[in-house]
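[1] Sequence first, then the predicted structure:
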Amino acid sequence: MELLKRLSEAAGVPGREEEIRRIVREALSGVVDEIQVDLLGNLIAHKKGTGPKVVVAAHMDEIGFFVSHIDEENGFLRLEPVGGFDPRTLIASRVVVHTEKGPLLGLIGIKPIHILTEEEKKKEIRIQDLFVDVGLPGKEVKERVRIGDPVTLYQTFAEVGELVSGKALDDRVGVYVGIEALRRLKNHEADIYFVATVQEEVGLRGARASAFQIAPEIGVALDTTLACDMPGVQPHEQITKLGKGVAIKLKDSASISHPGLVRFLVKLAEEKNIPYQMEILPRGGTDAGAIQLAREGAAVVTLSVPTRYVHTVVEASHKKDIEAAIQLLTAFLERCHEADLRL
C-alpha cells in the first residue's frame, strides 16, 4: 500500500496535477512501452498490442481550492472551490497552501458559535463563510501567497482495521488499481492505453481530450463509488457495501455501461472467483461518460471501488475490494479481445 499512500498524500487539484503525474510516471517506468503527456496534462501510458484499442482511465485530480482573496491587514485567505464540497465537512480542517516559495500549513476557520446571532445559527454553512488562517502577518502572507495558488486539504493516509483511509482516494485508488493491473498483466492482445486523466472533478475534461486523441473501441473508467452501508441509510439506498467486492457499474448520471462489457466482466469475475457487486449510482459520473462520446463512440464500463465518506479527508475503502478491482481489471485486459460487443 506504499504507492497508494504516496498517491493519497500528494497534492493535485484540477489543473495542477503535476505531483501525481510524477508519481505515476515513476511507477510505470519499465512497465509500459511509452509514456506521453498531452497539452491538457493527461499522462498516457501505452502498452502495445495487436487487438482492440482499449483505454483505461483514472483521474489524478482531487477536489480542492484556489486562493481567491488575501486580506492585506491580517492575512486571512478566501477560497474558490474546484470540485464539489459539503461545507459541513470543512470546518476545523487543516489545509496546505501550495505557493511558489513552498507549502504553507493553514487552518480553516469560521465565526465562533459563541458570538453568532440566533438568525446566524439558523443559516446553512457556505464555503463563502470560511477562511484560511496561515498564522502570519498580512504583509508576509502577501509576499508568499498569490491569487490562484492551489489549496488542498491536509490528511495522512492510514490503515483502519480492514480499511484504508485518507484524502483523495477519489480517485487515487483508481490510479493505483490501474498501475497495479498493468504491473501484473502478462499475455494480452489488446492495444492498451492507461490514461491518468486531469480535471475530472470539474467536468471530465481530461478524459474527453485524451479519448478524442486515442479513439478507443473500448473504455474502462476506474473510480470510487458510494458505499453508504452505514447507520441511518436504508438498504435500497446504500449503492454498494464495503468488503463485498469490486463494483461493476450499470449506470450513473454520465454514462450507461455497454451490456456486452457488463456481461463479460460478470463472467470473468465468476470464472475467477473474484468478489463483485452490481452498481447503479443515481447521481455523479466518471470518465466513462466522456470516453463513450469520443469521435464515433466507444463501448464503456466503469469498475468502481466502494468507498465511504466520499469527498472528505477520511474517505475509506476496503483492502479486499481494492484487490478485487485489480484482479478483475487484469483479467479483463488479458481477455477483452474475446468480448462480444454486438448489440
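    Structure received.

[2] What ranges does this protein have for its helices?
    For the chain, the helices defined by DSSP state H cover 2-9, 18-28, 118-122, 138-144, 169-184, 205-214, 259-271, 288-291, 319-335.

[3] residues in contact with the first one?
    Contacts of helix 2-9 from elsewhere in the structure, counted by Cβ atoms under 8 Å, 6 or more residues apart in numbering, are 20, 23, 27, 155-157, 164, 166-169, 172-173, 175-176, 179-180, 322. For every residue, glycine as well, the C-beta is placed using N, CA and C.

[4] what about 10 Å?
    By Cβ atoms under 10 Å, 6 or more residues apart in numbering, the residues outside helix 2-9 that reach it are 1, 19-20, 23-24, 26-27, 60, 62, 152, 154-159, 164-169, 171-177, 179-180, 183, 313, 315, 317, 319, 322.

[5] The fourth one too?
    For helix 138-144, contacts defined as Cβ under 10 Å, 6+ apart pick out 67, 70-77, 97, 99-102, 104, 106, 132-137.

[6] Just the buried residues of the residues you listed.
    The neighbour-count test (16 or more other Cβ atoms under 10 Å) marks 67, 70, 75-77, 97, 99, 104, 106, 132, 134, 136 as buried among these.

[7] what two of those residues are the furthest from one another?
    76 and 99 (15.6 Å; Cβ to Cβ).

[8] follow-up on the earlier one: could you point out which of the helices of the chain sits nearest residue 234?
    Using Cβ to Cβ, the helices of the chain put helix 319-335 closest to residue 234, at 21.7 Å.

[9] Run through the neighbouring helices and strands of the closest one.
    Under the contact criterion of 3 or more Cβ pairs under 10 Å, 6 or more residues apart in numbering; DSSP states H and E, helix 319-335 touches strand 53-59, strand 163-166, helix 169-184, strand 218-226, strand 246-251, helix 259-271, strand 276-280, strand 299-308.

[10] Now tabulate the ones you listed in CSV and tack on mean pLDDT, distance to residue 190 and mean neighbour count.
    Listed next are these as CSV, based on pLDDT from 0 to 100; distance: least, Cβ to Cβ, whole Å; neighbours: other Cβ atoms under 10 Å:
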stretch, mean pLDDT, distance to residue 190, mean neighbour count
strand 53-59, 98, 5, 28
strand 163-166, 98, 29, 22
helix 169-184, 97, 12, 26
strand 218-226, 98, 8, 28
strand 246-251, 98, 19, 23
helix 259-271, 98, 13, 17
strand 276-280, 98, 21, 17
strand 299-308, 98, 13, 27
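
[11] just to revisit the earlier point, redo the helices of the chain as JSON lines? Include distance to residue 90.
    JSON lines is the format used below for the helices of the chain (distance: least, Cβ to Cβ, whole Å):
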{"stretch": "helix 2-9", "distance to residue 90": "18"}
{"stretch": "helix 18-28", "distance to residue 90": "22"}
{"stretch": "helix 118-122", "distance to residue 90": "18"}
{"stretch": "helix 138-144", "distance to residue 90": "20"}
{"stretch": "helix 169-184", "distance to residue 90": "16"}
{"stretch": "helix 205-214", "distance to residue 90": "24"}
{"stretch": "helix 259-271", "distance to residue 90": "37"}
{"stretch": "helix 288-291", "distance to residue 90": "27"}
{"stretch": "helix 319-335", "distance to residue 90": "27"}
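
[12] Could you point out which of those sits nearest residue 246?
    Once those are compared by Cβ to Cβ, helix 319-335 is nearest, at 4.1 Å.

[13] The closest one relative to strand 53-59, how many degrees between them?
    Helix 319-335 and strand 53-59 are oriented at 160 degrees to each other (axes from the mean of the first three to the mean of the last three Cα atoms, to 10 degrees).

[14] what's residue 126 in contact with, if anything?
    Residue 126 neighbours (Cβ under 10 Å, 6+ apart): residue 87.

[15] tell me the pLDDT at it?
    Looking at residue 126, its pLDDT is 87.

[16] picking that back up, could the helices and strands packed on helix 319-335 be laid out in TSV, adding distance to residue 290?
    Listed next are the helices and strands packed on helix 319-335 as TSV, based on distance: least, Cβ to Cβ, whole Å:
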stretch	distance to residue 290
strand 53-59	8
strand 163-166	26
helix 169-184	14
strand 218-226	9
strand 246-251	15
helix 259-271	16
strand 276-280	19
strand 299-308	9
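
[17] If you tally nearby residues, what's the number for the residue nearest to residue 64 when sequence neighbours are not counted?
    For residue 64, ignoring the flanking residues on the chain, the nearest one in space by Cβ to Cβ, 6 or more residues apart in numbering is residue 13 at 3.4 Å. By other Cβ atoms under 10 Å, the residues close to residue 13 number 23.

[18] Same check on the one 10 residues further on?
    Counted by other Cβ under 10 Å, the residues lying close to residue 23 total 19.

[19] ok, it - contacts?
    Residue 23 makes contact with 3, 6-7, 10, 12, 60, 172, 175, 179, 196 under the criterion Cβ under 10 Å, 6+ apart.

[20] give me that answer again for 6 Å
    Contact analysis of residue 23 by Cβ atoms under 6 Å, 6 or more residues apart in numbering lists residue 6.

[21] and what of residue 75?
    By Cβ under 6 Å, 6+ apart, the residues touching residue 75 are 136-138, 141.

[22] Okay then, goodbye and thanks.
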